[in-house]
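Visitor: Below are the sequence and a predicted model; questions follow.
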Amino acid sequence: MTRSFKETYSDVTVASPLKRLGAFIYDMLLIISLLMVATGVVTTAFNAGEAVEGPLFQSFLFVLTYFFLSFFWMRNGQTLGMLAWRLRVQTTEGQRLNFGQCLLRYIVGIISLGAAGAGFLWMFISKNKMTWHDLASGTHVVELPKNAKILE
């Protein structure tokens, strides 16, 4: 069972593309740092300093990134970058995301990036400012009011 957020639709607005970009850049820096640390640990622990490569290691990094993002999306609807910009991802009904929605959002988000960013640029065409991964997972990113309690 998913839990609702305290704010109603009258309390939140659809996030602007500029704020979403700011949160995305912030989160990408954190993810790059996480992947660098994970690579260092794996290289030190298993390969005695040799470079790590191959599909198994790439899959490990892919899954690690998914778990990092989905932990924050399911817990509070906010990654660290979204927290800094007062943004939150939620279902279209105002609920927290579940595991399946996080997975769908993550996979379609990668496809959106891989299509030269077309999935992200879709928010400029969509009247609800939704990206491909928002549409696919039934979620949207909202901006919280300035007086909102960020962490629940």
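Guide: All right, it came through fine.
Visitor: drop to CA atoms for contacts and neighbour counts, all remaining ones
Guide: Noted.
Visitor: so residue 12 touches residue 141, yeah?
Guide: No. Judged on Cα atoms under 8 Å, residue 12 makes no contact with residue 141 at a distance of 9.8 Å.
Visitor: Residue 23: neighbouring residues, count only.
Guide: 21 (other Cα atoms under 10 Å).
Visitor: Please name the residues that touch it.
Guide: Neighbouring residues of residue 23 by Cα atoms under 8 Å, 6 or more residues apart in numbering: 81-82, 84-85.
Visitor: Among the residues you listed, which one is most surrounded by other residues?
Guide: Highest neighbour count within those: residue 82, with 25 neighbours (other Cα under 10 Å).
Visitor: just checking, next helix/strand downstream of the host helix or strand of that residue?
Guide: Per DSSP states H and E: residue 82 is located in helix 80-84. Following helix 80-84 in sequence order, the next helix or strand is strand 87-91 (DSSP H and E).
Visitor: Go ahead and confirm residue 103 touches residue 67.
Guide: No. Using Cα under 8 Å, residue 103 is not in contact with residue 67, being 9.2 Å away.
Visitor: between those two, what contacts are shared?
Guide: Counting by Cα under 8 Å, 6+ apart, nothing touches both residue 103 and residue 67.
Visitor: number of nearby residues for residue 43?
Guide: Residue 43 has 16 nearby residues by other Cα under 10 Å.
Visitor: do the same with residue 58
Guide: By other Cα under 10 Å, 12 other residues sit near residue 58.
Visitor: what comes into contact with the helix or strand where it lies?
Guide: Using DSSP H and E, residue 58 sits within helix 55-75. Helix 55-75 is touched from outside by 31, 35, 38, 78-80, 89, 96-99, 102-103, 106, with contacts defined as Cα under 8 Å, 6+ apart.
Visitor: The helix or strand in which residue 32 is found versus helix 55-75: what angle between them?
Guide: Per DSSP H and E, residue 32 falls inside helix 17-46. In terms of direction (axes from the mean of the first three to the mean of the last three Cα atoms, to 10 degrees), helix 17-46 departs from helix 55-75 by 130 degrees.
Visitor: which parts of helix 17-46 are buried?
Guide: Buried residues in helix 17-46, counting neighbours by 16 or more other Cα atoms under 10 Å, are found at 17, 19-20, 23-24, 26-27, 30-31, 34-35, 39, 42-43.
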